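Engineer: quick one, structure for this:
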Amino acid sequence: MPQLQRRQPQKSIRIAATKPSRAGDVAALAFLTGLGVLVYFNSFEAPFVFDGVRFIRNIFNPDRFWPWQLPYGGNRPVGLLSFSLNYTWDELNVWSYHAVNVAIHVLAAWVLYAIVRRTLARPPLAAHFGAASRGLALVAAAIWLVHPLQTECVTNLYQRLESLMGLFYLLTLFCFIRAQDSRSPVAWFAASVVVCALGMATKEVMISAPLVVLWYDRAFVASSWRELLRSRGMYYAALAGTWMVLCVAMVRGAPENEASGLLFVKGLTPFNYAWSQPGVIVHYLRLCFWPSDLCLDYGWPVADDWTRIVPPALFLAALVAGTVWCIWRRPAVGFLGGAFFLILAPTSSIAPIRDLAAEHRMYLPLAAVAVLATVGAYQAWQLFVGRTSDASQPRKKLPIAIFAGSLAVAVLAALGYRTVIRNQDYQSELAIWRDTAAKSPQNPRAHRNFAEELFKNGQSVLALEELNRAIEAKSDDAEAFNNRGIVRQNLGNLKLALADFSRAVDLGYGADAYFNRADLYMKRLQFDRAIEDLSEAISLESKINGRSGSAARQKAAASYLRRGGAYQAIPRPELALADYSQAIAIEPADADAYLGRGRVHQSLGKYRAAKEDFDMALRLAPNHPFVLNARAWLLATCPDARMRDGKQALADANLACRVTNRESAECLETLAAACAERDDFKSAIQWETAAIRLTTDDARFGREAQRRLEMYRAGKPYRDAPAKQSPSARQSSE
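Structural biologist: Modelled structure (predicted):
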């Protein structure tokens, strides 16, 4: 790129600036829009993955959501608010989230096009690139738009935070550039400050935006630092003031940042992080020019060997030295190199982040690479063809333009094709984690998440193999032990499952490990141990701050619900009632909590309160077989004649049996009791006999059922006793 000469004052620059036609710009923007939709058309059905599951899908509660409520903490309020508005628009329909992501990406490409076109059309670059400014800007923006490296920010829905921040970042610079050619620059300067503040409230990488604008001003506009500060000192003071927005967001979001592994990472020092980053940045640069083997979650290891530190560090040092040289001799190139490193600095320097490498961090730095490659290729081509009078003739110029255009189309087609192919990896959570586990075999999280998807799809044996690989990669992976316990429990190996849950507890996995081990104790009828673990799980859950989503509430309610069942089985009905009531307070729409509390009320002889709970549970879950069965048993066998209702009991019992395909002994026995209440003892005998056939392995149930069968044969209906649970109450501890 030619050396820049000393610039004239700002006023003369405006007069001399080349002004391409507006119609050409409209056509270019339309082309970028169509291109963006074309390469991302197959991404609109891709589900939430990775952080999108945790921070979007699992945190919204339709019953308690308001448009202005931020879904998760306050560290990135503008970005998170965009998800809230998306939810207001179309709840969790992924199509709408993808539509917004693609729109943001296309808008960012528009702004990049405008920045490059206006920069190349200004003196002194206009003398070399002015005539080709629109074409070069269009090619650079199109390459950036369709590059497969961008899929993690566009197709991976949660990474909208990065692309939205990128849009605000580019708008900050564009508004500054636009102010230089405006008759009312104050409005554009104000707009630049506003969008910069919005970017600061979107993601932390925005921190470098004021510095990049300042550098751009000195490289392309101001003739000296004195002129820059004299003319626009107030503007830069306001721009620097937006850092306060970021500071406030960082302070408010400190718990979320710590939980997410941002700045507070156990076992990872700034030095460990810093000497690992040269290898990461070299990898990023390789992906810019050869975007193969893209990976959602690298699990990049800390560099602990000089062979992994020194060679990439030397390469990076050469790039930095070249950038410093260009600052003095080739300011335009120096600006692009400096912008690349400044934008990457927050995530690729010394501030520790749990994930050492992530492709979405290249969203904006890729723009500098795309512009440099496009303009550099153009200038190399100009040197190759020469600037002879013959080359400027239309007859000679047309074939050259056709060849250059064909080359650009070929590059865009190749990159766009790779983007479409990469989008296919996101078509299901199973597909993306299969791809990730294959590409990063050293990453335990990739194997864990792949195992989780295999388990969801009924492939427990394969899930167990993946979890074994995760533990091989990291022997103290508490989550892997917890998940392996779940898989082993599903496969029927309760002894090994218990060992895995205990190992997860010892490694400090937290409430989930205690809950899962308690669940296993419940199945083994070790209720005292289950209560101890559930109490610990409840205590740990109460210490977690900043979680307001439905998944967190359901988890807390489940702990109280399960402990209520354990207390009920001991029996400690007063404690069971307290836990069931607490579960209802946390999650009022939980039918199982009302069912459990109703059973306790029934066992205490509080029949009206029991019926009220069963009625509420059925309003929440009209076809819940256990609730139907519980209410039917109460209405058919209640000692209080005022509470009995044989007709309703028969209707409930029949529906419960239909829902369970007449394969539940408890439901069949309740149907028998309802028939007996209606004086239909023939049917009562038939259904009680059928229930006995289904429970040949349960001696206690068989004895009680046989006693009831004899009563029906004698023409007597069954009446429950207040101190005893109904036969279906066994479900509360399952």
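Engineer: what's around L314, how many residues?
Structural biologist: Using other Cβ atoms under 10 Å, L314 has 10 neighbouring residues. Quick note: C-beta positions are derived from backbone N, CA and C, even for glycine.
Engineer: name the element it belongs to?
Structural biologist: L314 is located in helix 306-329, with elements delineated by DSSP states H and E.
Engineer: what about that helix, distance to the chain center?
Structural biologist: A distance of 35 Å separates the C-alpha centroid of helix 306-329 from that of its chain, computed with Cα atoms, centre = their mean, to the nearest Å.
Engineer: other residues contacting it?
Structural biologist: Surrounding helix 306-329, the residues in contact under the criterion Cβ atoms under 8 Å, 6 or more residues apart in numbering are 3, 275-276, 278-279, 281-282, 303, 333-335, 337-338, 341.
Engineer: and if you look at stretch 676-688?
Structural biologist: For stretch 676-688, the external contacting residues (Cβ under 8 Å, 6+ apart) are 635-637, 644, 646-647, 649-650, 668-669, 671-673, 675, 705, 708-709, 711-713, 715-718.
Engineer: list phi and psi for I353.
Structural biologist: As for I353, its main-chain torsions (degrees, to the nearest 10) stand at phi -130, psi 140.
Engineer: model confidence at it, what's the number?
Structural biologist: Confidence per residue is given as pLDDT, and for I353 that number is 89.
Engineer: what of Y97?
Structural biologist: In the prediction, the pLDDT value recorded for Y97 is 96.
Engineer: what distance do you get for it to E466?
Structural biologist: 28 Å (Cβ to Cβ, to the nearest Å).
Engineer: run through the stretch 351-500 of the chain and note the low-pLDDT ranges.
Structural biologist: Where the stretch 351-500 of the chain drops to pLDDT under 70, the residues are 385-401.
Engineer: of Y97 and E466, which one has the most company?
Structural biologist: Shown here are Y97 and E466; by other Cβ under 10 Å, E466 has more neighbours (28 against 24).
Engineer: which other helices and strands contact whichever strand or helix holds the more buried one?
Structural biologist: Element membership of E466 [criterion: DSSP H and E] is helix 460-473. Counting contacts by 3 or more Cβ pairs under 8 Å, 6 or more residues apart in numbering; DSSP states H and E, helix 460-473 is packed against helix 444-456, helix 478-490.
Engineer: in CSV, could you pull the C-alpha coordinates for whichever helix or strand comes after the last one?
Structural biologist: In other words, helix 478-490. Helices and strands here follow DSSP H and E; after helix 478-490, the next one along the chain is helix 494-506. Extracted in CSV, the C-alpha atoms of helix 494-506 (Å, rounded to 0.1, in the frame of the first residue of the first chain):
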residue,chain,number,x,y,z
LEU,A,494,-26.4,-49.0,40.8
LYS,A,495,-23.2,-49.9,42.7
LEU,A,496,-20.9,-48.2,40.2
ALA,A,497,-23.4,-45.3,39.8
LEU,A,498,-23.2,-44.7,43.6
ALA,A,499,-19.4,-44.7,43.4
ASP,A,500,-19.5,-42.1,40.6
PHE,A,501,-21.9,-39.8,42.4
SER,A,502,-19.8,-40.1,45.6
ARG,A,503,-16.6,-39.2,43.6
ALA,A,504,-18.4,-36.2,42.1
VAL,A,505,-19.4,-35.1,45.6
ASP,A,506,-15.8,-35.5,46.8
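Engineer: pull out the buried residues from stretch 225-237.
Structural biologist: By 16 or more other Cβ atoms under 10 Å, the buried positions in stretch 225-237 come out as 227-228, 232, 235-236.
Engineer: before we move on, the earlier item: out of the contacts of helix 306-329, who's nearest G485?
Structural biologist: Of all those, S276 has the smallest distance to G485: 32.6 Å, by Cβ to Cβ.
Engineer: would you turn the helices and strands packed on helix 460-473 into JSON lines with distance to I143 and mean neighbour count?
Structural biologist: Formatted as JSON lines, the helices and strands packed on helix 460-473 follow (distance: least, Cβ to Cβ, whole Å; neighbours: other Cβ atoms under 10 Å):
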{"stretch": "helix 444-456", "distance to I143": "29", "mean neighbour count": "23"}
{"stretch": "helix 478-490", "distance to I143": "39", "mean neighbour count": "23"}
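Engineer: turn those helices into CSV, columns for distance to L604.
Structural biologist: Output for these, formatted as CSV (distance: least, Cβ to Cβ, whole Å):
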stretch, distance to L604
helix 444-456, 40
helix 478-490, 33
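Engineer: quick one, what contacts E532?
Structural biologist: A518.
Engineer: quick one: the helix or strand hosting it to chain centroid distance?
Structural biologist: Taking DSSP H and E as the criterion, E532 maps to helix 527-542. Put simply, helix 527-542 sits 29 Å off its chain's centre (Cα atoms, centre = their mean).
Engineer: export that helix to PDB, keeping only CA atoms.
Structural biologist: These are the backbone C-alpha positions of helix 527-542, laid out as PDB (Å, rounded to 0.1, in the frame of the first residue of the first chain):
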ATOM      1  CA  PHE A 527     -34.200 -42.500  53.200                       C
ATOM      2  CA  ASP A 528     -32.100 -41.100  56.000                       C
ATOM      3  CA  ARG A 529     -29.100 -40.900  53.700                       C
ATOM      4  CA  ALA A 530     -31.200 -39.400  51.000                       C
ATOM      5  CA  ILE A 531     -32.500 -36.700  53.400                       C
ATOM      6  CA  GLU A 532     -28.900 -35.800  54.300                       C
ATOM      7  CA  ASP A 533     -27.800 -35.400  50.700                       C
ATOM      8  CA  LEU A 534     -31.000 -33.500  49.700                       C
ATOM      9  CA  SER A 535     -30.500 -31.100  52.700                       C
ATOM     10  CA  GLU A 536     -26.900 -30.500  51.500                       C
ATOM     11  CA  ALA A 537     -28.200 -29.900  47.900                       C
ATOM     12  CA  ILE A 538     -30.800 -27.400  49.200                       C
ATOM     13  CA  SER A 539     -28.100 -25.600  51.200                       C
ATOM     14  CA  LEU A 540     -25.800 -25.300  48.200                       C
ATOM     15  CA  GLU A 541     -28.600 -24.100  45.900                       C
ATOM     16  CA  SER A 542     -29.500 -21.300  48.300                       C
END
